[in-house]
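In: Turn this into a model:
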Amino acid sequence: MRARAAAARAARAPRPARGSPPRVLVVAGLDPSGGGGLLADVEAIRAVGAEGWAVATALTAQGPGGARGFEPASPGILLAQIDALVLGAERPRAVKTGMLAGATLARTLAIRLGERPLEKVPLVVDPVLAASSGASLFDAEGQQPGEALAPLLARARLVTPNLPELAALTGLDVSTDDAAVRAARALPARAVLVKGGHRAGAPLDLLVTRGGVTRIAGRRRGGTARGTGCRLASTIAALLARGASLEEAVRAGKRAVERYLDRAAR
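Out: Residues are numbered from 1 along each chain as shown. Down below sits the predicted model:
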């Protein structure tokens with residue numbers, strides 16, 4: 001029964017034109033350096049055989065020295081960008097969000113993603129709250145970040161917070177793996193990938209789903225690189241668009257980011 005239901009859903013899902021790679025709709029900020037944001041997203045998506053449609057939530061001033069500021073898009077132009085892409089003949093097979101700039105755009109996007117033709121498309125949310133340099137990239141407009149993002153998180157197939165983001169979203173302790181799992185379960189998403197790179201020692205990511213917890217170990221790399229969170233979430237979304245299971249997409253996404261870090265270290 002379950003297999004027949006899954007087959008029926010797959011038959012109803014919008015498909016790319018024959019011979020063309022699946023599309024991923026990416027909604028994020030534009031980092032002109034390419035270290036993160038839309039340029040990094042599209043690069044990561046193409047690397048695994050999909051194509052990205054890029055929708056800008058904000059223009060940012062960023063470079064090797066860090067972020068200097070940003071200017072958000074208006075809700076109207078955000079929706080116009082999305083509709084110009086998705087109301088054509090082809091539909092995206094996944095959606096990934098990154099920097100959303102503020103609570104108003106997050107609410108606007110959550111509403112649009114709940115409408116046709118996007119309401120059944122798997123959504124990966126990278127809850128970008130700050131740049132690597134520490135500069136804020138999200139205006140919660142007087143709310144707590146978790147409250148401001150709640151409608152979008154509830155729509156998500158997967159949310160990919162690092163430990164500081166998870167703490168900010170939930171207001172809970174994340175100092176141990178067990179505490180991080182409890183915090184992840186407090187989010188309204190169906191699955192949460194807790195990225196453990198901010199903790200000392202070998203990084204351990206936790207894929208927290210309704211069915212359990214999968215621990216995905218990694219190896220600490222030398223050097224640093226910007227945009228790893230963007231690239232991870234985008235790669236996962238692209239692999240979901242290509243038909244991978246959630247765990248397959250997460251594991252392959254982590255391997256892709258590790259290769260990126262190895263290249264950066266060289």
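
In: For Ala244, which non-adjacent residue is closest in space?
Out: If the residues on either side of it in the chain are set aside, Ala244 comes closest to Ala252, at 6.9 Å by CB to CB, 6 or more residues apart in numbering. The way it works is simple: take the backbone N, C-alpha and C, and place the C-beta from them, glycine included.

In: for the protein, what spans make up the helices?
Out: 2-12, 37-47, 75-86, 103-113, 145-155, 163-170, 177-185, 228-241, 246-265 (DSSP state H).

In: Just name the most buried of those helices.
Out: Comparing the helices of the chain by mean neighbour count (mean count of other CB atoms under 10 Å), helix 228-241 ranks first with a mean of 28.

In: tell me the angle of that one relative to helix 246-265?
Out: Relative orientation of helix 228-241 versus helix 246-265 (axes from the mean of the first three to the mean of the last three CA atoms, to 10 degrees): 140 degrees.

In: How about Pro122: what's its closest non-neighbour residue?
Out: In space, Pro122 is closest to Arg157, 4.2 Å off (CB to CB, 6+ apart).

In: What distance do you get for that neighbour to Ala200?
Out: 31 Å (CB to CB, to the nearest Å).

In: next one: Gly253
Out: Distance, Gly253 to Ala200, using CB to CB: 23 Å.

In: what do you get for Gly229?
Out: Using CB to CB, Gly229 is found at 19 Å from Ala200.

In: do Gln143 as well
Out: With distances taken as CB to CB, Gln143 is found 32 Å from Ala200.

In: In terms of neighbours, single out the busier of the two.
Out: Gln143 (13 against 6; other CB atoms under 10 Å).

In: Name the nearest residue to that one, sequence neighbours excluded.
Out: Distances taken as CB to CB, 6+ apart put Ala103 closest to Gln143, at 5.8 Å, once the chain neighbours are dropped.

In: OK, contacts around the closest residue to Pro188 other than its chain neighbours?
Out: Using CB to CB, 6+ apart and skipping the chain neighbours, the partner closest in space to Pro188 is Ala154 (4.0 Å). Taking CB atoms under 8 Å, 6 or more residues apart in numbering, we find Ala154 in contact with 110, 188-189.

In: swap in Leu85?
Out: 25, 53, 55, 92.

In: one more time with 10 Å
Out: Leu85 makes contact with 23, 25, 53-55, 91-92, according to CB atoms under 10 Å, 6 or more residues apart in numbering.

In: From those, pick the one nearest Arg182.
Out: Arg182 has its nearest neighbour among these in Leu25, at 32.0 Å by CB to CB.

In: wait, what's in contact with the closest one?
Out: Neighbours of Leu25 in contact, by CB under 10 Å, 6+ apart: 52-55, 81-82, 85-86, 91-97, 113, 118, 121, 123, 237, 241.

In: Identify the bridge partners of it.
Out: For Leu25, the beta-bridge partners are Trp53, Val95 (DSSP bridges).

In: What separation is there between it and Ala94?
Out: 7 Å.

In: Touching both of the two, which residues are there?
Out: Here Leu25 and Ala94 have 121, 123, 237, 241 as joint contacts, going by CB under 10 Å, 6+ apart.

In: pLDDT-wise, which helix or strand of the protein ranks last?
Out: helix 2-12 (a mean of 37; mean pLDDT, DSSP states H and E).

In: count of neighbours near Thr97?
Out: With other CB under 10 Å as criterion, Thr97 counts 30.

In: you'd agree it is up against Pro127?
Out: Yes - taking contacts as CB atoms under 10 Å, Thr97 lies within contact range of Pro127: 8.4 Å.

In: Now do the shared contacts for the two.
Out: 106, 149, 152, 156, 159, 233.

In: and those as TSV, adding pLDDT and distance to Ala217?
Out: TSV is the format used below for the shared contacts of Thr97 and Pro127 (pLDDT from 0 to 100; distance: CB to CB, whole Å):
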residue	pLDDT	distance to Ala217
Ala106	98	32
Leu149	98	28
Leu152	98	29
Ala156	98	24
Val159	98	21
Ala233	98	20
